[in-house]
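Colleague: show me how the following folds:
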Amino acid sequence: MEKRQWGFILVLFVVLITSIGLFYTPFDPTQVRVVDRFQPPSRTHWFGTDNFGRDILSRILVGGRWSLFVGGAAVFLGSTLGVFFGSIAGLGGKGWDEAFMRIADGLYALPSILIALLLATIWGPGRNTVLISIAVGNIPVFMRLTRSHILKVKEEPYIEAARALGASEFRILFRHILPNIKDTLLVQVSVSLAGAILAEASLSYLGVGIQPPDPSWGRMLRDAQPFAHLAPWTVIAPGLLIAVTVLGFNLMGDELIERR
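Modeller: Residues are numbered from 1 along each chain as shown. Below you'll find the predicted structure:
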């Protein structure tokens, strides 16, 4: 089986269990039952319970939606803005190119975690803080990628022919240039999704991401860390789901790169 197929299967598995969590969970994922705390995996609680007696499987099913939503929305926003600004830099002339590339250099110097901590001090922690910080971290990646490919193809004969026929720069961009670089952008989207989901888990683990009572895989790891030696199943389940999701998107990206 090819890597892309394995990647597709892993991502499909994560999307499936997340979709199930939208409609069904074995227990209320936020219900506290101290009497059931630290129950090991069993027929009743397949993945066991945590320090508050909450069912881990139910929290995994619900927590996945926030990890995928925040990661996906951040990459969508970051890629859209990055392609937009990169297109202006590539087609707007030397002045625009220099200005936007200096902005990209500045954004590169600010990692998502630092941006999230800065926003958390202003707005407070939460999913919007994580979403915006990850999106901002993805903007310079797509800016540089789009700009570099536009500079390569904008002097090609078919682009010159389109200009000679009176096509506007807007039409040239959307009719001729972006369709030729869409495969490269899709590869970057796949890789960025893996990084965004890992970043969301990391920020939630640090306490600036998804806040209680909403569960997320990163937040579950943070809450379970003090009890890992006592109840290792509280760490294994969310950690494994994060690893499977990131691996799936990375395998898809690797396969797309090889097929280009």
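
Colleague: beyond the helix ranked longest in the chain, next helix or strand please.
Modeller: Using DSSP state H to define each element, the chain has its longest helix at helix 56-91. Using DSSP states H and E, the helix or strand that follows helix 56-91 towards the C-terminus is helix 94-108.

Colleague: could you list the buried residues of that following helix?
Modeller: 97, 100-101, 104, 107 (16 or more other Cβ atoms under 10 Å). Every C-beta, even on glycine, is put in place using the N, C-alpha and C of the backbone.

Colleague: check stretch 11-24 too.
Modeller: 11, 14, 18, 21.

Colleague: how far off centre is it?
Modeller: 17 Å (Cα atoms, centre = their mean, to the nearest Å).

Colleague: any idea how far P213 lies from V75?
Modeller: 26 Å (Cβ to Cβ, to the nearest Å).

Colleague: with adjacent residues omitted, what lies nearest to I9?
Modeller: G248 (7.6 Å; Cβ to Cβ, 6 or more residues apart in numbering).

Colleague: which residues touch L203?
Modeller: 112-113, 116, 130, 133-134, 209, 218 (Cβ atoms under 8 Å, 6 or more residues apart in numbering).

Colleague: which helices and strands does the helix or strand L240 falls within pack with?
Modeller: In this assignment (DSSP H and E), L240 forms part of helix 233-259. Counting contacts by 3 or more Cβ pairs under 8 Å, 6 or more residues apart in numbering; DSSP states H and E, helix 233-259 is packed against helix 3-23, helix 56-91, helix 178-206, helix 217-224.

Colleague: now those helices as a markdown table including distance to I150?
Modeller: Listed next are these as a markdown table, based on distance: least, Cβ to Cβ, whole Å:
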| stretch | distance to I150 |
| --- | --- |
| helix 3-23 | 27 |
| helix 56-91 | 3 |
| helix 178-206 | 8 |
| helix 217-224 | 36 |
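
Colleague: one step back: I figured the residue nearest to I9 was touching G7, is that so?
Modeller: Yes - using Cβ atoms under 8 Å, G248 is in contact with G7, at 4.9 Å.

Colleague: K152 in helix, strand or coil?
Modeller: Under the three-state scheme (DSSP: H, G, I helix; E, B strand; the rest coil), K152 adopts helix.

Colleague: so it versus T184, what's the distance?
Modeller: 11 Å.

Colleague: more crowded one of the two?
Modeller: Taking neighbours as other Cβ atoms under 10 Å, K152 and T184 compare with T184 leading, 16 against 13.

Colleague: I figured that one hits L145, correct?
Modeller: Yes - counting by Cβ under 8 Å, T184 touches L145, with 6.6 Å between them.

Colleague: quick check: buried residues in stretch 52-59?
Modeller: 53-59.

Colleague: look up how far Q39 lies from the closest residue to P111 other than its chain neighbours.
Modeller: Excluding its sequence neighbours, the residue lying closest to P111 (Cβ to Cβ, 6+ apart) is G137, at 6.7 Å. Distance from G137 to Q39, counting by Cβ to Cβ: 39 Å.

Colleague: looking at the two, which is more packed in?
Modeller: G137 (24 against 19).

Colleague: tell me the SS of that one?
Modeller: Per three-state DSSP, G137 ends up helix.

Colleague: which residues does it contact?
Modeller: G137 neighbours (Cβ under 8 Å, 6+ apart): 78, 107, 110-112, 115, 199.

Colleague: mind putting those residues in a markdown table, distance to L68 and pLDDT included?
Modeller: As requested, those are exported to a markdown table (distance: Cβ to Cβ, whole Å; pLDDT from 0 to 100):
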| residue | distance to L68 | pLDDT |
| --- | --- | --- |
| G78 | 16 | 91 |
| L107 | 24 | 80 |
| L110 | 25 | 76 |
| P111 | 22 | 75 |
| S112 | 17 | 71 |
| I115 | 21 | 79 |
| A199 | 13 | 86 |
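
Colleague: among these, which pair sits farthest apart?
Modeller: L107 and A199 (14.7 Å; Cβ to Cβ).

Colleague: phi first, then psi, for T49.
Modeller: phi -130, psi 160 (degrees, to the nearest 10).
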